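**Q** Curious how this folds, go ahead:
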Amino acid sequence: MAVLAVLLSTRSVCLSNQQQEQKATPAQLASSETLTLCTALIVWSVDHPPEGEYFDENSASSIDLTVSKRLNTAAVEKMVVPTYLDKLPSRDPWGHLYDFLKNTDRKQPWTWAVRSPGPDGHFCSESYLRQKPDWDKCDDIVRVDGVLVAGPVPASEEQK
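**A** So this is what the prediction gives:
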């Protein structure tokens, strides 16, 4: 039942995003798309747990991007289309591929990060946990399990 609620919520986010898309900046659009992608990947993970592992909704999400498993667009598309998404937005508004990272921590196998390198096409960090001297110049858009850790807040989330 929880999965159905998340799926309905994902569809609602997608419809809301489509309405906002016309007036959103490219950064806001990428931020919205990363939310949709993270949500679909989380639901896929809950539906496909590793043997003997179960989703613990009380555990805080964490992911070490430096040791996470990168999945290519084709692999992610196979996982989420058409059950969780009608179509996979594989490129951000600037034409760069989204980066799909699966947590390798066996205690949190459902944790995902989805990120866009932003307009410059280069990731400014492999860790968004430590402050960098030029952090204000970072244009990456990063979500871990749907939580925005770098980038602008999309218009659809500002209103909440």
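**Q** OK, contacts around residue 68?
**A** By C-beta atoms under 8 Å, 6 or more residues apart in numbering, the contact list for residue 68 reads 101, 102, 103, 104, 113. Backbone N, C-alpha and C define where each C-beta goes, glycine included.
**Q** what are the phi and psi values for the residue nearest to it when sequence neighbours are not counted?
**A** Distances taken as C-beta to C-beta, 6 or more residues apart in numbering place residue 101 nearest to residue 68, at 4.1 Å, with adjacent residues excluded. Dihedral pair for residue 101: phi -120, psi 120, per degrees, to the nearest 10.
**Q** on that earlier part again, between all of the contacts of residue 68, which two are separated the most?
**A** The two members of the contacts of residue 68 with the most space between them (C-beta to C-beta) are 104 and 113, at 11.6 Å.
**Q** So if I had to pick from these two, which one is more boxed in?
**A** residue 113 (24 against 13; other C-beta atoms under 10 Å).
**Q** Residues in a beta bridge with the more buried one, which ones?
**A** residue 101, residue 144 (DSSP bridges).
**Q** And the helices in the chain, which stretches?
**A** Secondary structure of the chain, counting by DSSP state H: helices at 2-21, 26-47, 73-80, 155-158.
**Q** quick one, what contacts residue 67?
**A** Shown in contact with residue 67 (C-beta under 8 Å, 6+ apart): residue 104.
**Q** I'd like to know how far it sits from residue 87.
**A** 30 Å (C-beta to C-beta, to the nearest Å).
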